[in-house]
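Undergrad: pasting the sequence and the predicted model now:
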Amino acid sequence: MIKVTFLGTSDQIPSAKRNHSAILLNYEGENILVDCGEGTQRQFRKAKLNPCKITKILITHWHGDHVFGLPGILSTLSLSGYNKTLFIYGPKGTKFFMKKLLDLFNFERNYKIEVEEVSGKFFETKDISLEAKPMKHGISCNAYSFSIKDKIRIDKSKLKKAGLPEGPLLQKLKEGKDIIYEGKKFKSKNLTFLEKGKKVSFVLDTGLNPRIIPFVKDSDLLVSDSSFGNDLLEHAEKHLHLTSGQSADIAKKSKSKKLVLTHISQRYEGNIKKILDEAKKIFKNTILANDFDVVEIEK
């Protein structure tokens, strides 16, 4: 199961209800933090989550509302006995900014930090992958996707009927290879089925651009910047953000299954339904994230 926890859902200025941007994705041994706005480590405590389980941090861009929480959480990890290598990924300029940050906040650190500037597929195992795509925000900025790969699974009922034993033969079937057992040939396609993978995409702080839809195509969950309502389209274009309607249109055209709106301007705190309703008119399966909301996706 993929679990996505929204630790902060505000835009540049936090409100009484919304903290600065931070989203935690959990899948098996991975705990991936997307952005780390001011106060993120306190949000971990409120959510009863352990920051020492973080494996990777993905920085979308280096505006303060997305990174001001980094010094605090890095220091807390050291004080809490964090003993893994922490991987921090970001757009162009991330190595420079991380060096300045670590020079400025010269806390004692007993763990290793690896910093990489990424574009395209930058992490992959036999089961999962991470990919980055440059966006449009006035400074270097990335969108990210997390994917679980397609898998070939054994159909247990067909396996039992065929009378095949457990063992290395089954691995060959999973690899799409036909096998011979006791003189009889068994075709992989007759005993297996394809389990489709899953995809979660994060598109934060960007103006509308043609790279978004191909990048997030077929997302099971699309998390998108929705700083403004449709009435402020020109304002959104000027400041290189998305409106709720634009996010919904992206979800629809990309054939995403579910849309989550975040990075909500405080101007809508008294009428948050406006943002959601505008999106749902275009893409029905839309929700608007509040701090500490959790969205789960079954494998």
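TA: In hand now; what should we look at?
Undergrad: from Glu108, how far out is the residue lying farthest from the centre of the chain?
TA: When distances are taken from the C-alpha mean of the chain, Gly183 lies farthest, 48.5 Å away, according to CA atoms, centre = their mean. Remark: distance between Gly183 and Glu108 (CB to CB, to the nearest Å) = 68 Å. All C-beta atoms are positioned from the backbone trio N, CA, C, and that covers glycine.
Undergrad: again with Lys136
TA: Lys136 is 39 Å from Glu108, by CB to CB.
Undergrad: wasn't Glu237 part of a helix?
TA: Yes - membership of Glu237 in a helix is supported by DSSP: H, G, I helix; E, B strand; the rest coil.
Undergrad: tell me where this protein has helices.
TA: Applying DSSP state H to the chain gives helices spanning 40-46, 64-67, 70-79, 94-104, 156-162, 168-174, 188-191, 212-216, 233-239, 244-253, 272-280.
Undergrad: how about the ones you listed in TSV, adding mean neighbour count and mean pLDDT?
TA: Output for these, formatted as TSV (neighbours: other CB atoms under 10 Å; pLDDT from 0 to 100):
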stretch	mean neighbour count	mean pLDDT
helix 40-46	19	97
helix 64-67	21	96
helix 70-79	18	95
helix 94-104	14	95
helix 156-162	12	77
helix 168-174	14	77
helix 188-191	15	78
helix 212-216	20	98
helix 233-239	15	85
helix 244-253	24	97
helix 272-280	18	92
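Undergrad: tell me which of these approaches Ile54 most closely.
TA: helix 70-79 (7.4 Å; CB to CB).
Undergrad: contact partners of that closest one?
TA: Residues outside helix 70-79 that contact it (CB atoms under 8 Å, 6 or more residues apart in numbering) are 36, 40-41, 44, 51-52, 54, 57, 86, 101-102, 104-105, 107-111, 113.
Undergrad: using PDB, list the CA coordinates for that helix.
TA: Output of helix 70-79 as PDB, limited to C-alpha atoms (Å, rounded to 0.1, in the frame of the first residue of the first chain):
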ATOM      1  CA  LEU A  70      15.200  21.800   6.300                       C
ATOM      2  CA  PRO A  71      17.700  23.100   8.900                       C
ATOM      3  CA  GLY A  72      15.500  22.100  11.800                       C
ATOM      4  CA  ILE A  73      14.700  18.600  10.600                       C
ATOM      5  CA  LEU A  74      18.300  17.900   9.700                       C
ATOM      6  CA  SER A  75      19.400  19.000  13.100                       C
ATOM      7  CA  THR A  76      16.700  17.000  14.800                       C
ATOM      8  CA  LEU A  77      17.700  13.900  12.900                       C
ATOM      9  CA  SER A  78      21.200  14.300  14.300                       C
ATOM     10  CA  LEU A  79      20.000  14.800  17.800                       C
END
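Undergrad: tell me how far it lies from the chain's centre.
TA: 22 Å (CA atoms, centre = their mean, to the nearest Å).
Undergrad: and the angle for it with helix 94-104?
TA: 70 degrees (axes from the mean of the first three to the mean of the last three CA atoms, to 10 degrees).
Undergrad: still on that earlier bit, just send the helices of the chain back as TSV, with distance to Gln12 too.
TA: Below are those laid out as TSV (distance: least, CB to CB, whole Å):
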stretch	distance to Gln12
helix 40-46	15
helix 64-67	5
helix 70-79	17
helix 94-104	18
helix 156-162	52
helix 168-174	49
helix 188-191	53
helix 212-216	21
helix 233-239	9
helix 244-253	17
helix 272-280	16
